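# Sequence plus the predicted model coming up.
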Amino acid sequence: MLDGYHLMIPGPVELHPEVLAEMSRPVVPHYGEDWTAYYNETLDLLRVIFGTDGDVYPIPGSGSAALEAAMGSCLGEGRRLLVLSNGFFGERLASIGLSIDPYTVVRRIPISEPIGTDELTEALEQEPGITAVAVVHSESSSGLLNPVSELAEICRKRGVLFLVDAISSLGGVEIPMDAWGIDICVCASQKCLEGPPGLGLVAVAREAWPRIEGTKARGWYLNLHVWREYAEIWADWHPFPVTLAVPVFRGLRRGIERVLEEGLSQRIERHHQSAHALREHLSELGFAPVFPESMASPTVVAAHGRADVSADEVVDRLKAEHRILVARGMGEFKGAAFRIGNMGLQAMPETTDSLVRAIRCVVGMDSC
């Protein structure tokens, strides 16, 4: 059993007692006047965090379910998707896109580099039929942050729909959706929003709907056109097409209330400061960060192993000796790096200090 371990993985995160308490309340109906008012209030709070006045759909399922809903709902006859990938979760986008439309175009950028505007511009010029572009903001498999504001500007100028996977960044990294011109933004409940796993969140900008209306998205459950229809026809008592996960939704509500009580800008600055301090500590201990701070994600800190202490040994000994869970490298970083979550309660000075003390013990700098 994993009970009793301290989670410093890149999600799910440990939950604040207030969130756990909210989830333990009796189950109530997911419909009716009272629930609908609570649901709509929660969507308004999510709009603040997404930075949009558009629609938000909390779909029971994982972040990947939300990505499939988002991508599948903007494709169809006469429409074509470009995926720019520079990591494991960029490849996840590619897999989802290709499963929906085998003519999806995938451009791979080296995992050591952020996606640049030149790569996007070149791809759009070489593939004139592209109608939508999808990228990952925080590539949590490696700790790399992609410059989505710059990519959004290119897409906006060319009239191309821009979709962002912000699953490991929203709530911990600046990503004001409407201000940057992001058309569809996807997140999940269990990372920087401090909620439990179980909800995939899709935000659709107002300006995006005219460009995706009329698409014949396949399926029913993961179809934003269906979710939009029910938000209208059942608006007064059941504004979604399925049974909502009531305890998970309540937990998420308390999590996002905590985000907004702290203040979004203050929270984002806290994540930056925490990530900076953690990278400095790791460097002092001989664990070189995978990426320089200028291109590193503030929510996932990745570091290489040392010649005498491998990345996997750090992961194994933190678990066995200190009951702290950090993550192994993924994809091309498997065995070469370890990853530390820096989201929500993880991004606190006392949490970082406790982890650093444990790593000092692992490398023999302190007697423990």
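Nice, thanks for sending it over.

# Return the residues in contact with residue 81.
For residue 81, the contacting residues are 71, 74-75, 97, 100-101, 104-105, 130-134, by C-beta atoms under 8 Å, 6 or more residues apart in numbering. Where C-beta positions appear, they are placed from N, C-alpha and C, glycine not excepted.

# Just the ones of the residues you listed in strands?
With DSSP state E as the criterion, strands contain 105, 132-134 from among the contacts of residue 81.

# can you map out the strands along the stretch 201-350 of the chain?
Using DSSP state E, counting those that start in this stretch, the strands of the stretch 201-350 of the chain run over 300-304, 324-325, 327-328, 337-341.

# Who are the packing partners of the third one?
Pointing back at strand 327-328 there. helix 311-322, strand 337-341 (3 or more C-beta pairs under 8 Å, 6 or more residues apart in numbering; DSSP states H and E).

# which stretches of the protein form helices?
17-23, 33-50, 63-72, 88-100, 117-126, 148-158, 177-180, 209-212, 224-233, 246-262, 264-284, 311-322, 349-362 (DSSP state H).

# which one of those helices lies closest to residue 342?
helix 264-284 (5.0 Å; C-beta to C-beta).

# Taking their axis directions, the closest one and helix 246-262 sit at what angle?
Angle, helix 264-284 to helix 246-262, by axes from the mean of the first three to the mean of the last three C-alpha atoms, to 10 degrees: 90 degrees.

# Flag every buried residue along the lowest-mean-pLDDT helix or strand in the chain.
Lowest by mean pLDDT, DSSP states H and E among the helices and strands of the chain is helix 209-212, with a mean of 92. The neighbour-count check on helix 209-212 (16 or more other C-beta atoms under 10 Å) flags 211-212 as buried.

# got the contact list for it?
54-55, 73-74, 131, 161, 183, 204, 224, 228.

# and the least confident of the residues you listed?
Among the contacts of helix 209-212, residue 74 has the lowest pLDDT, at 92.

# give the contact list for that residue.
81, 131-132, 161, 163, 184, 208, 211-212, 215, 217.

# Kindly state the domain boundaries assigned to this protein.
As given by automatic domain parsing, the domain ranges for the chain are 6-12+263-362, 17-260.

# can those domains go into CSV with extra columns for distance to residue 368?
Below are the domains of the chain laid out as CSV (distance: least, C-beta to C-beta, whole Å):
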stretch, distance to residue 368
domain 6-12+263-362, 4
domain 17-260, 27
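
# Which single one of the contacts of residue 74 is nearest to residue 141?
residue 163 (18.7 Å).

# circling back to that earlier point, highest neighbour count among the ones in strands among the contacts of residue 81?
residue 134 (27 neighbours; other C-beta atoms under 10 Å).

# so it makes contact with residue 93?
Yes - the pair residue 134 / residue 93 is scored as a contact, 5.1 Å apart, by C-beta atoms under 8 Å.

# between those two, what contacts are shared?
71, 83, 165.

# residues touching the residue most central in space within the chain, list them.
In the chain, the residue lying closest to the centroid (C-alpha atoms, centre = their mean) is residue 167, at 1.1 Å. Residues near residue 167 by C-beta under 8 Å, 6+ apart: 63, 66-67, 89, 138, 140, 186-188, 191.

# which one of the residues you listed is nearest residue 199?
residue 188 (6.8 Å).

# Select, out of the helices of the chain, the one closest to residue 300.
Per C-beta to C-beta, nearest to residue 300 of the helices of the chain: helix 264-284, 8.4 Å.

# Extract the residue ranges of this structure that are flagged as low pLDDT.
1-2 (pLDDT under 70).

# Residue 34: neighbour count?
So residue 34, with other C-beta under 10 Å, has 10 neighbours.

# Correction: the previous question concerned residue 289.
19.

# show me the residues around residue 156 that make contact.
Counted by C-beta under 8 Å, 6+ apart, residue 156 has contacts 162, 181.

# Considering the shared contacts of residue 134 and residue 93, which possesses the most neighbours?
residue 165 leads the shared contacts of residue 134 and residue 93 on contacts (other C-beta under 10 Å) with 32 neighbours.

# Return the distance of it relative to residue 149.
15 Å (C-beta to C-beta, to the nearest Å).

# Report the separation between the residue nearest to residue 103 when sequence neighbours are not counted and residue 165.
Among residues not flanking residue 103 along the chain, residue 80 sits closest, at 6.0 Å (C-beta to C-beta, 6 or more residues apart in numbering). According to C-beta to C-beta, residue 80 and residue 165 sit 19 Å apart.

# Kindly report the same for residue 3.
The value you get for residue 3 to residue 165, if C-beta to C-beta is used, is 30 Å.

# do residue 270 as well
Separation of residue 270 from residue 165 (C-beta to C-beta): 23 Å.

# Pipe the helices and strands packed on strand 327-328 into a markdown table and attach distance to residue 367 and mean neighbour count per row.
What follows is those, written out as a markdown table (distance: least, C-beta to C-beta, whole Å; neighbours: other C-beta atoms under 10 Å):
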| stretch | distance to residue 367 | mean neighbour count |
| --- | --- | --- |
| helix 311-322 | 13 | 17 |
| strand 337-341 | 23 | 26 |
